[in-house]
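Asker: Build me a structure from this.
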Amino acid sequence: MKNVSDAVVVGAGPVGCFAAMNLAKLGVAITVFEEHTEVGIPTHCAGHLSIRSLKNLGLYPLPEGIVENTFSAANFYSPNGTKLTVRVRRPVTCAVNRELFDKFLAGKVEAAGARFRLGTRIRSLAIKEGSVIGVNAEQNGVESQVSSKIVVDAEGISSRLLRQAGLAPLKGERLVYAVEAEMENVRNVEEDAVEVFVGRNYAPGFYAWIMPRRDGTGKVGLAAKSGKPKELLQRLMHKHPVASKQLAGARVTRMAFHPITLGGPISKAYANGFIAVGDVASQVKPTTGGGVVFGLTCARIAAEVIQGALEKDNFSADYLGLYQKRFVDALGFDFNVMLRARRFLDSLSDEGGALLPRRRVHGRGWKASAT
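Answerer: As a prediction, this is how the structure comes out:
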């Protein structure tokens with residue numbers, strides 16, 4: 001069976017949906033493929049998002065029920081429990097229910113005129129004479145080929161389609177591995193503050209977090225470059241001088257695991273007839289591991305470039321390179337600053353239970369401290 005679409009989007013997460021929504025609003029015939037049978041399930045990401053960024057993307061305020069909490073403070077804890085608090089007057093971030101957030105975006109996609117094919121796995125790209133011309137899909141054991149002028153890869157951390165398009169995959173050494181848990185009975189926390197824990201005994205190469213809700217539940221997680229995330233989470237819950245008190249009576253109700261890429265955007269996120277957006281293109285903040293806002297920003301840029309490609313009937317890599325140029329122009333400075341910050345954070349040791357640089361930074365042997 002063969003079908004035809006102007007554009008195909010692989011993946012119905014927030015980034016894939018936002019790309020599809022923007023394309024559909026521009027009058028492009030879109031088909032969105034999602035291997036799971038329901039949008040938003042399973043969830044992985046904690047859903048901690050910048051309110052200002054969501055407003056800039058035209059997505060805030062969100063419908064009732066999606067925002068679980070808003071935050072105007074963050075408490076940072078060193079391995080020995082030393083606390084540093086950063087507080088502002090008004091909430092600057094929010095925690096969203098990722099299932100409901102994804103479904104909200106999917107509703108916008110359908111309202112704009114695009115269609116979904118759920119429970120459908122993309123087996124491979126369809127390639128002819130060095131150009132991507134569609135996808136080979138499988139649904140309920142039935143295979144089909146969907147021809148399209150361009151394929152948007154928003155499949156997440158996997159580099160499977162990226163490799164098929166002839167592009168370099170994500171680098172494994174730039175990944176951290178995360179565990180995200182839903183917990184009940186989270187105590188002794190400020191309801192409007194995110195709790196952040198650093199230290200190699202608890203989250204080597206990254207950090208751990210508690211994002212409380214106002215009903216006593218919360219999202220608790222961590223990511224690490226080494227070690228087993230589940231075991232590290234247990235250590236945080238039972239050994240950390242602060243987190244162990246906040247989570248002493250906590251009960252895990254759900255747990256999920258996923259990798260996070262921290263290396264900055266891949267050097268080439270486009271090929272003939274092909275564009276990669278979101279996690280697969282490593283459009284993720286190297287400092288926090290947040291990929292939703294940067295991914296949504298790049299998805300909107302991708303839609304604008306694809307509209308131009310359709311108008312010119314030019315889907316060559318030479319033309320689609322405009323996508324890389326534009327998202328680097330928009331986010332390149334932020335990425336560069338965050339990559340430098342990531343290198344500094346990776347240089348810190350746990351000496352004496354406080355965070356100290358393991359080597360001289362910018363020629364100065366200074367020490368970081370908190371009260």
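Asker: Show residues contacting the helix or strand where residue 107 lies.
Answerer: Assessed by DSSP states H and E, residue 107 sits inside helix 98-111. Helix 98-111 is contacted from outside by 12-14, 17-18, 20-21, 24, 30, 32, 39-41, 43-47, 62-63, 65-66, 116, using Cβ atoms under 8 Å, 6 or more residues apart in numbering. Just so you know, the C-beta spots here come from the backbone N, C-alpha and C atoms, and that holds for glycine as well.
Asker: Stretch 118-130 too?
Answerer: With Cβ under 8 Å, 6+ apart, stretch 118-130 has contacts from 10, 12, 33-39, 132-140, 143, 145-147, 151, 155, 161, 164-166, 272, 274.
Asker: change it to 7 Å
Answerer: Stretch 118-130 has contacts (Cβ atoms under 7 Å, 6 or more residues apart in numbering) with 10, 33-38, 132-139, 145, 151, 161, 164-165, 272.
Asker: what about burial for those, which qualify?
Answerer: For those, a neighbour count by 16 or more other Cβ atoms under 10 Å gives the buried set as 10, 33-35, 132-135, 137, 145, 151, 161, 164-165, 272.
Asker: Would you point out which residue is most central in the chain?
Answerer: residue 291 (2.7 Å; Cα atoms, centre = their mean).
Asker: My guess is residue 133 contacts residue 274. True?
Answerer: No. Using Cβ atoms under 7 Å, residue 133 makes no contact with residue 274, being 9.9 Å away.
Asker: and the residue nearest to the centre of the chain, what is it in contact with?
Answerer: So residue 291 contacts 278, 279, 283, 284 (Cβ under 7 Å, 6+ apart).
Asker: how near is the last one to residue 175?
Answerer: Same thing as residue 284. For residue 284, the distance to residue 175 equals 10 Å [Cβ to Cβ, to the nearest Å].
Asker: for the second one, same thing?
Answerer: Distance check for residue 279 against residue 175: by Cβ to Cβ, it reads 11 Å.
Asker: what do these two both touch?
Answerer: residue 261.
Asker: The two: which is more packed in?
Answerer: Neighbour count, other Cβ atoms under 10 Å: between residue 279 and residue 175, residue 279 has more, with 26 against 18.
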